[in-house]
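Colleague: A structural model of the following input is requested.
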Amino acid sequence: MKIPFDVTFHPSWWYKHAGVSFKREFFTDPEYRIEADIQMRKVLHEKFGDFGLGEKKPQPRPLLGSDLIASGFLHSEIMGCEVRYQEENPPEVICTNLSDEAVMNLRLPELEKIELWKNIEEQGKYLYEKFGFVETHMNLMGIQNIAMDLRGQNLLMDYYLNPELAHHLLGLCTQLSIAIGRWFKRYSNNLSAGVTAIVKQTVPDMYLTSNCTVEMISLDTYNTFLAEYDQLLAEAFGSFGIHHCGQTMEHVVEGYKNIKNLKFAEVGAFSDIGYVRKHLPDIHLNLRYSPVKLKDVQGDELYQEIHRMIELGKPFNLLSISCVGIDSLVKDEQVRNFLSCCKNISPLV
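Modeller: Presented below is the predicted three-dimensional model:
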């Protein structure tokens, strides 16, 4: 059985190897992004085409966002955060550190009055009129991720000292996420490749939330504050997935397993895969290999690690593996080693 595998590169890698800049134009100008995407897929094919990546003669794609990078910023910028766009990095959200009063006065924004959102709508209309369909690959972010962009580390104290404020903020972030997700669904049922591209090969029609910052909280805190909002997302979109890029997903998996409609979970590098699989026996798991470790790991060690990950994650029909965030310091040879290990292990299982 062939196990799906994939790699995703950091903007610094694309800037170095494809000459693509990730300033604001990449996210707001569809024609610039389409041309950049063509160049990116050409480079992928030139370097890794023998592993099925990229295309020799790529055709234009009607993209909102990109499935070739990970870049969560949209929801936070709509809610008022400053975002810095850079040539070699994904958009950087600047935390607003809202006061107690500012949070309690916060209301759901009227999307039609937000310039950034008006640009997204205009892009969607333009792409649909030109191509007849749209691929929506904006990063869907996650509820606590957005809330922390607005409130900062004080949100973690709010869980103990001001739960009413925490729920108010988390609820607003959930309402916004549902509204944005439903708008994307007007164009496509495949919403989540901007979170992790492997979903295109595995569970393409689900809504995948980014629970990056859940690594910072306990299982009790997740169950008390965040589980209900993940459940609202799951109910709103029917088929649901959780991206947990932290290295100890096992510490909250007993909360994740109770989310109804859960179909997919992304397991952060260094997590206890066996423990996660025990609690999610019927869920597709995408195992993440560390892009930092990939920089220096030797071939034999890499093969053994990937083989062990796959063994712990079986059944194999509910399994995939990827390495996401590979930057410009990682040599092509190391990327090829990873792809080769994944390709050569898969037929053995």
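Colleague: I'd like the next helix or strand past the host helix or strand of residue 40.
Modeller: Using DSSP states H and E, residue 40 sits within helix 30-48. Downstream of helix 30-48, the first helix or strand assigned by DSSP H and E is strand 63-65.
Colleague: which residue is nearest the centroid of this structure?
Modeller: Note on the chain: the residue nearest the mean C-alpha position is residue 195, at 2.0 Å, using Cα atoms, centre = their mean.
Colleague: for it, helix, strand, or coil?
Modeller: Secondary structure assignment for residue 195 (DSSP: H, G, I helix; E, B strand; the rest coil): coil.
Colleague: I'd say it and residue 69 touch.
Modeller: No. Contact between residue 195 and residue 69 fails when scored by Cβ atoms under 8 Å: they sit 11.1 Å apart. The C-beta positions use only the backbone N, C-alpha and C, and glycine is treated the same way.
Colleague: strand partners (parallel or antiparallel) of the lengthiest strand in the chain?
Modeller: If you go by DSSP state E, the chain has its longest strand at strand 319-326. The pairing partners recorded for strand 319-326 under DSSP bridges are strand 5-9 (parallel), strand 284-289 (parallel).
Colleague: wait, residue 295 sits on residue 333?
Modeller: No. Between residue 295 and residue 333 there is no contact under Cβ under 8 Å: 10.9 Å.
Colleague: helices and strands around whichever helix in the chain runs longest, which ones?
Modeller: Ordering each helix of the chain by length in residues (DSSP state H) puts helix 163-185 first. If contacts are counted by 3 or more Cβ pairs under 8 Å, 6 or more residues apart in numbering; DSSP states H and E, helix 163-185 sits against helix 74-78, helix 100-104, helix 143-151, helix 154-161, helix 227-237.
Colleague: what angle do it and helix 154-161 make?
Modeller: Per axes from the mean of the first three to the mean of the last three Cα atoms, to 10 degrees, the angle that helix 163-185 makes with helix 154-161 is 130 degrees.
Colleague: and residue 266, which of the three is it?
Modeller: Classified using three-state DSSP, residue 266 is strand.
Colleague: that older thread, need the strands paired with strand 319-326 in JSON lines with mean pLDDT and distance to residue 253, can you?
Modeller: Output for the strands paired with strand 319-326, formatted as JSON lines (pLDDT from 0 to 100; distance: least, Cβ to Cβ, whole Å):
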{"stretch": "strand 5-9", "mean pLDDT": "98", "distance to residue 253": "23"}
{"stretch": "strand 284-289", "mean pLDDT": "98", "distance to residue 253": "10"}
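Colleague: possible to save these as a markdown table with mean neighbour count and distance to residue 155?
Modeller: Formatted as a markdown table, the strands paired with strand 319-326 follow (neighbours: other Cβ atoms under 10 Å; distance: least, Cβ to Cβ, whole Å):
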| stretch | mean neighbour count | distance to residue 155 |
| --- | --- | --- |
| strand 5-9 | 24 | 28 |
| strand 284-289 | 25 | 25 |
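Colleague: for residue 166, which of the ones you listed is the nearest?
Modeller: Set against residue 166 and scored by Cβ to Cβ, the strands paired with strand 319-326 come closest in strand 284-289, at 28.4 Å.
Colleague: mind exporting the C-alpha coordinates of the very next helix or strand once past the closest one to PDB?
Modeller: Going down the chain from strand 284-289, the next helix or strand is helix 291-294, by DSSP H and E. Extracted in PDB, the C-alpha atoms of helix 291-294 (Å, rounded to 0.1, in the frame of the first residue of the first chain):
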ATOM      1  CA  PRO A 291      12.100  20.400   9.200                       C
ATOM      2  CA  VAL A 292      14.700  21.500  11.700                       C
ATOM      3  CA  LYS A 293      15.900  17.900  12.200                       C
ATOM      4  CA  LEU A 294      15.800  17.300   8.400                       C
END
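Colleague: report all helices and strands that helix 291-294 contacts.
Modeller: The contact analysis (3+ Cβ pairs under 8 Å, 6+ apart) places helix 291-294 against strand 319-326, helix 332-345.
Colleague: mind putting these into JSON lines with mean neighbour count?
Modeller: As requested, the helices and strands packed on helix 291-294 are exported to JSON lines (neighbours: other Cβ atoms under 10 Å):
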{"stretch": "strand 319-326", "mean neighbour count": "23"}
{"stretch": "helix 332-345", "mean neighbour count": "18"}
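Colleague: any chance of these in CSV, plus distance to residue 138 and mean pLDDT?
Modeller: Listed next are those as CSV, based on distance: least, Cβ to Cβ, whole Å; pLDDT from 0 to 100:
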stretch, distance to residue 138, mean pLDDT
strand 319-326, 16, 98
helix 332-345, 26, 95
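Colleague: now tabulate these in TSV and tack on distance to residue 278.
Modeller: Listed next are the helices and strands packed on helix 291-294 as TSV, based on distance: least, Cβ to Cβ, whole Å:
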stretch	distance to residue 278
strand 319-326	14
helix 332-345	22
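Colleague: ok, residue 105 to residue 245 distance?
Modeller: 32 Å (Cβ to Cβ, to the nearest Å).
Colleague: more neighbours: which of these two?
Modeller: residue 245 (22 against 10; other Cβ atoms under 10 Å).
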